[in-house]
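J.: I need the structure of the sequence given here:
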Amino acid sequence: MTDAVNPMEVWAPFGTFSMAVIQGDGHIVHLKGQVSLDRHGQVVGQHDIRVQVRQVLENIRRVVAAMGGQMADVISVVQYATDIEAFMTTGDIRQEFFAAPYPVTTTVQVERLYRPELMIEIAAIAEIPRSRFRHPERDE
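T.: Next up, the predicted model:
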């Protein structure tokens, strides 16, 4: 059984997806790929990879926090960048959000994201310990 989660702390889904899916009893949480949108769905850092990476990681932090998690609970990320060379300059920003042991990471370059001004999308999987996990209110 899975439960969908759409925290009010991030932008509202506008299509056939959820921000996160809780698997099983709440340990494993699959997050939808996050892009650089603020809470109101507006692009942050148009065409600026460094600003976008920071916003994307902040969105991930907020989704995980809505369930009692921390960035240290993120165990895997898949990063989709439209400019891999520009993305490689953002390691210092990732270090602000992740500490060792770092999540396993896959990074690929894509031709385009769903809006041309977006340069990065990051999907994540987190394992939140039962002692901290809380199921947020449903947004149905």
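
J.: Pull up the gap between the residue most central in space within the chain and residue 121, please.
T.: If you average the C-alpha coordinates of the chain and look for the closest C-alpha using CA atoms, centre = their mean, you land on residue 60, 3.3 Å from that point. Residue 60 is 11 Å from residue 121, where distance means CB to CB, to the nearest Å. No exception for glycine: its C-beta is placed from N, CA and C like everyone else's.

J.: tell me, what's touching those two both at once?
T.: residue 34 (CB atoms under 8 Å, 6 or more residues apart in numbering).

J.: ok so, going back, what residues are up against the residue nearest to the centre of the chain?
T.: With CB under 8 Å, 6+ apart, residue 60 has these contacts: 31, 34, 71, 74, 97, 122, 124.

J.: again, 7 Å this time
T.: By CB atoms under 7 Å, 6 or more residues apart in numbering, the contact set of residue 60 is 31, 34, 74, 122, 124.

J.: Go through these and name the one nearest residue 131.
T.: residue 74 (17.3 Å; CB to CB).

J.: how about that closest one, phi and psi?
T.: When read as degrees, to the nearest 10, the backbone of residue 74 gives phi -70, psi 120.

J.: Counting neighbours, what do you get for it?
T.: Using other CB atoms under 10 Å, the number of residues around residue 74 comes to 25.

J.: wait, it sits on residue 124?
T.: Yes: look at residue 74 against residue 124 with CB atoms under 7 Å: they come within range, at 5.1 Å.

J.: shaky segments in the protein?
T.: Of all residues in the chain, those with pLDDT under 70 make up the ranges 1-2, 15-17, 23-26, 138-140.

J.: Which parts of it are helices?
T.: If you assign secondary structure with DSSP state H, the helices in the chain sit at 49-65, 84-87, 91-97.

J.: For the ones you listed, give me a markdown table that also has distance to residue 106.
T.: Putting the helices of the chain into a markdown table (distance: least, CB to CB, whole Å) gives the following:
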| stretch | distance to residue 106 |
| --- | --- |
| helix 49-65 | 15 |
| helix 84-87 | 12 |
| helix 91-97 | 14 |
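
J.: Just name the most buried of these.
T.: With neighbours defined by mean count of other CB atoms under 10 Å, none of these is more surrounded on average than helix 49-65, at a mean of 22.
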